[in-house]
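Q: Turn this into a structure:
(3 chains)
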Amino acid sequence: MTARIESALAHIGSIEDLAALDTPIHRLDPRAKLVTTLALLVAVASFGRYEVTRLLPLALYPIVLAALGDVPAGPILARLALASPFAILVGIFNPLIDRAPLAALGPVVVTGGWLSFASILVRFGLSLGTALLLVATTGFDAVCAALARLGLPRALVIQLLFVYRYLFVLSDDAARMIRAHGLRAPLGRRPGLRVAGSMLGQLLLRTLARAQRIHAAMLCRGFDGVFRLRRPLRLGARDVAFAVGWCGWFALVRAVDLPQLLGAVLGRLG
Amino acid sequence: MSHHLVSAEDLCFAYADGTPALQGVTFTIHHGESVGLVGANGAGKSTLLLHLAGVLFPVSGHVRVGDWPVTSATLPRVRRSLGMIFQDPDDQLFMPTVGDDVAFGPLNLDLPPEEVEARVGEALERVGAAHLRGRPSHRLSGGEKRSITIASVLSMSPDILVLDEPSASLDPAARRRLIALLRSFEHTKIVASHDLDLVLEVCARTIVLHEGRVAADGPTAGIFADDALLARAHLERPLRLQGCPRCGSAAAR
Amino acid sequence: MHMSDALVSPAVGGAMWGVAVGVAAWSARKLRQAPEDGRVPLMGVLGAFVFAAQMVTFAIPATGSSGHLGGGVLLAIILGPGAAFLVMASVLMVQALLFADGGLLALGCNIVNLGFFASFLAYPFVFRPVAGARPTPRRLFGASLAACVVGLQLGALGVVVETALSGVSELRFASFLLLMQPIHLAIGIVEGLVTGAVVVFLRRARADLPLGTALAPEAGRPRSRRAALVAVGLVAMLGAGVLSWFASSRPDGLEWSLARLAGGRTPVVPDTGLRRALARAQAAMALLPEYGLEKNAAGGRESRPRSWPAVDAGTSTAGLVGALLTLALSGAVGAGLRAVRRSAPASRAPSLRSRQDVT
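A: Modelled structure (predicted):
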């Protein structure tokens, strides 16, 4: 678990580097990108459980976003791969349970179970991949600002920003403590319940003390309970066109079975 | 503006568990002075600074900053004229980006947005960190973080700067830059530090704290030459004033 | 206990999202009314603490496996229900957005399962009564243990019920239930032991901290009002669940259990006027069509979704070919765009754009 979190934190670092680039995608208003991502999520959710190929044209959005945003496919795919066991574990039962044949590819009969499993995987990739791309082309704090302007309670947005900010600081604390324990533990054994309890207690004490110091620093710079905005984000024609255009594509994909159409056209030509 | 810019009178404070921290601290600091605050660990330096900033309130005694006594009612004014820079930059840089942190103070002063941005730019220029404006705070080096904490206070245009262990964890080059920066400020400065060489270079006057009391208060050069005093206060001479490690000859002033 | 999107239908997911957002908005409003007392940075760093705490894995005695702290009940003990809920919500959002842990459609469910039950049920109705007004360390420990067990049992139950109501996964309700509850009983005990240890440690180290006594912002509120709030929440969830059960075309899990109980015959779902009305309403809501109920308002239930109308080799192959072509085209578009970007000189080196000032 420790290694997993450490690799995840390193991954956030690389996402932040990507978010600092300067591309046409990065320059778009964060709200436009957020709304489009939400529209994609809704579109993905709205398909039936056995749909696989109809979902695929939706992938055009993350692909274009990654290409124009200079986001390399590697880190995104790696993160998805690391997170996929959950989805796989849930879906893997489907082929075993649902054996009703639903489709056939020549001599091969595809059961409902396999289709729903494939659908689960495609949806997983589309939704979480697009979310990652959103952060990689916008930056977590800009996404939070967009969420605030779209109505998320201010307290929750500030909370998200603080968690993000102090994630690394506290994880470093924890990592140091774990390492210190590991150096004194016999044969590198994991701590028992009592030791873990006091390690966590120490970490918590330090966290509480840090919270008090941060609060003192905030007060010294005039904080009075209200977080003030710096400058309103301005929505331009380009941003609106971006959002409307892509939402139109999602609606089209939802309404029309594009791969089927494409295949039929090809069949007629060939 | 009052010439007695910062004064403490018979300040007494004890922690929640009863441990006495300050036992009758008295001093007066004038406009433009640069004062070092030195003492052993636990002597009360940080506690004293927190009283100046109005984060802690004394059990007895008074603190004055400028024209105002430091009470809960006068805190907004006090914080406008006294800027405090804390020991751990991570405690002070809590906003997503550097620009956000430096803008935090001016925004709380309810300044108009253009004014806020102008101040952010000026403050970052002053500490030589204008290129860091859009960066996330947690990705900076120790020296950069230190510069940004100073900028985050400068943007409020205080008259007085209070710094708690500013050179802690800085590499030599960053420390040298910090010293140059501090020397270039015309503000009234109060610097609490274990780094006696920094105090020697930056502060003309020094207050020595020992077990919550003022053990000495005078010109820095004189204090750092008084070996008996330094020994009593669990201190020693700054390295620059100690004898040569090779030939053993006495140090030059 | 993180649910992935695979388990959740749009109806259930959306309903739980609604519950999560509603409770979050309520909690935020409550916090605004309380005086500023350093709660904002405290909540923030405690959120980060939850992440850091999950790095500390410990050995569970006599099993050889390892565990880690979840944090829901601990947060509620330190912060009180509303603030703890917000912190848990923020942690889960960061996990979903940045770590891809847990689905985005299922995020509402996760926030409810892992945040709501611990903060608004386990803490006020288990921890507080057991701990009492001036708890001794032993009382604190016992109260923490009990609250964690109950909280996790409720959370696991939530997962099972939401899954069953969704009817998306093939997991059978009864077997899922029998699987989840015992496992989470064990997890709950472990979590309770660690939470108890931490709480007792905290009490000894910081006697000034009010733990489990009345300092949470909602504490002054009379019990009856809080109970009413919780009841409203539960009714809302139940209502959403019932509606989605009607709307779902495959409540197999529950039906299956019922059928087994009834002795082997699958009960026919009654085609009432309500059902037909709901189906018509759904047809109107073209955006989220459920599986095959629309355009079939004449009654009965389609057993197969519309999208694959027939097992016909022709259409299936065309679909597959079209799919492959779609992927190829998308990939080509992507590659082409990348080539265009690479050739544009200005964008080659990663530079720091002047970040849009955000907060």
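Q: so what's the nearest residue to C:Ser144 once chain neighbours are set aside up against?
A: Nearest residue to C:Ser144, sequence neighbours excluded (Cβ to Cβ, 6 or more residues apart in numbering or on different chains): C:Gly196, at 3.8 Å. Quick note: C-beta positions are derived from backbone N, CA and C, even for glycine. Neighbour list for C:Gly196: A:197, C:140-142, C:144-145, C:148 [criterion: Cβ atoms under 8 Å, 6 or more residues apart in numbering or on different chains].
Q: Now with 10 Å, please.
A: A:193, A:197, C:73-74, C:137-138, C:140-148 (Cβ atoms under 10 Å, 6 or more residues apart in numbering or on different chains).
Q: Likewise for A:Pro259?
A: So A:Pro259 contacts A:52-57, A:253, C:318-327 (Cβ under 10 Å, 6+ apart).
Q: Look up how far A:Val109 lies from it.
A: 20 Å (Cβ to Cβ, to the nearest Å).
Q: again, but for A:Glu16
A: 48 Å.
Q: Please give the element, helix or strand, for B:Leu107.
A: helix B:98-108 (DSSP states H and E).
Q: Which strands and helices lie in contact with that helix?
A: helix A:193-220, helix B:75-81, helix B:89-92, helix B:113-126, helix B:142-154 (3 or more Cβ pairs under 10 Å, 6 or more residues apart in numbering or on different chains; DSSP states H and E).
Q: As a markdown table, those helices with distance to B:Leu200 and mean pLDDT would be great.
A: As requested, those are exported to a markdown table (distance: least, Cβ to Cβ, whole Å; pLDDT from 0 to 100):
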| stretch | distance to B:Leu200 | mean pLDDT |
| --- | --- | --- |
| helix A:193-220 | 27 | 90 |
| helix B:75-81 | 27 | 89 |
| helix B:89-92 | 24 | 94 |
| helix B:113-126 | 24 | 94 |
| helix B:142-154 | 19 | 94 |
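Q: Make TSV out of the ones you listed and add distance to C:Phe120 and mean neighbour count.
A: Below are the helices and strands packed on helix B:98-108 laid out as TSV (distance: least, Cβ to Cβ, whole Å; neighbours: other Cβ atoms under 10 Å in any protein chain shown):
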stretch	distance to C:Phe120	mean neighbour count
helix A:193-220	22	20
helix B:75-81	36	19
helix B:89-92	32	24
helix B:113-126	40	18
helix B:142-154	38	24
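Q: And those helices: which comes nearest chain C?
A: Ranking the helices and strands packed on helix B:98-108 by proximity to chain C (Cβ to the nearest Cβ) places helix A:193-220 first, at 2.7 Å.
Q: Leaving out chain neighbours, which residue sits closest to B:Ala130?
A: Per Cβ to Cβ, 6+ apart, closest to B:Ala130 is B:Leu124, 4.5 Å.
Q: Strands of the stretch 1-150 of chain C, start to end?
A: C:58-59, C:66-67 (DSSP state E, counting those that start in this stretch).
Q: Out of the ones you listed, which one sits most buried?
A: Mean neighbour counts were compared across the strands of the stretch 1-150 of chain C using mean count of other Cβ atoms under 10 Å in any protein chain shown; the top stretch is strand C:58-59, at a mean of 20.
Q: Next one: that one, is it in contact with chain A?
A: Yes: using Cβ under 10 Å from any Cβ of the partner chain, strand C:58-59 reaches chain A at C:58-59.
Q: what is the mean pLDDT for that strand?
A: In this model, strand C:58-59 has an average pLDDT of 78.
Q: Identify all contacting residues around that strand.
A: By Cβ under 10 Å, 6+ apart, strand C:58-59 touches A:189-197, A:199-200, C:65-69, C:190, C:193-194.
Q: okay, now the closest residue to chain C within the stretch 1-150 of chain B: neighbour count?
A: When distances are taken as Cβ to the nearest Cβ, the stretch 1-150 of chain B reaches nearest to chain C at B:Gly134, 3.4 Å away. Here the number of neighbours of B:Gly134 (other Cβ atoms under 10 Å in any protein chain shown) works out to 17.
Q: repeat for B:Ala73
A: 10.
Q: can you check B:Arg232 too?
A: B:Arg232 - counted by other Cβ under 10 Å - has 13 other residues nearby.
Q: How about the secondary structure of the residue of the stretch 151-270 of chain A found nearest chain B?
A: Using Cβ to the nearest Cβ, the closest approach of the stretch 151-270 of chain A to chain B is made by A:Gly222 at 3.4 Å. Three-state assignment for A:Gly222 (DSSP: H, G, I helix; E, B strand; the rest coil): coil.
Q: where's it relative to chain C, distance?
A: Separation of A:Gly222 from chain C (Cβ to the nearest Cβ, to the nearest Å) stands at 13 Å.
Q: That residue: what's it in contact with?
A: Counted by Cβ under 10 Å, 6+ apart, A:Gly222 has contacts B:75-76, B:79-80, B:104-110, B:156.
Q: do the same with C:Arg138
A: C:196, C:200.
Q: Likewise for the one 10 residues further on?
A: By Cβ under 10 Å, 6+ apart, C:Cys148 lies in contact with C:69-70, C:72-74, C:118, C:122, C:126-127, C:187-196.
Q: Write the PyMOL selection for whichever of those residues are buried.
A: Here is the PyMOL command that selects the buried residues among these (16 or more other Cβ atoms under 10 Å in any protein chain shown):
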select buried, chain C and resi 69+70+72+73+74+118+122+126+127+187+188+190+191+192+193+194+195+196
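Q: so which strand or helix has the one residue in the stretch 251-359 of chain C that gets nearest to chain A?
A: Per Cβ to the nearest Cβ, C:Gly322 is where the stretch 251-359 of chain C lies closest to chain A, at 3.0 Å. Take DSSP H and E as the rule and C:Gly322 turns out to sit in helix C:313-343.
Q: Would you pull up how far stretch B:10-24 lies from the middle of the chain?
A: 21 Å (Cα atoms, centre = their mean, to the nearest Å).
Q: Same question for stretch B:80-90.
A: Worked out by Cα atoms, centre = their mean, stretch B:80-90 lies 7 Å from the chain centre.
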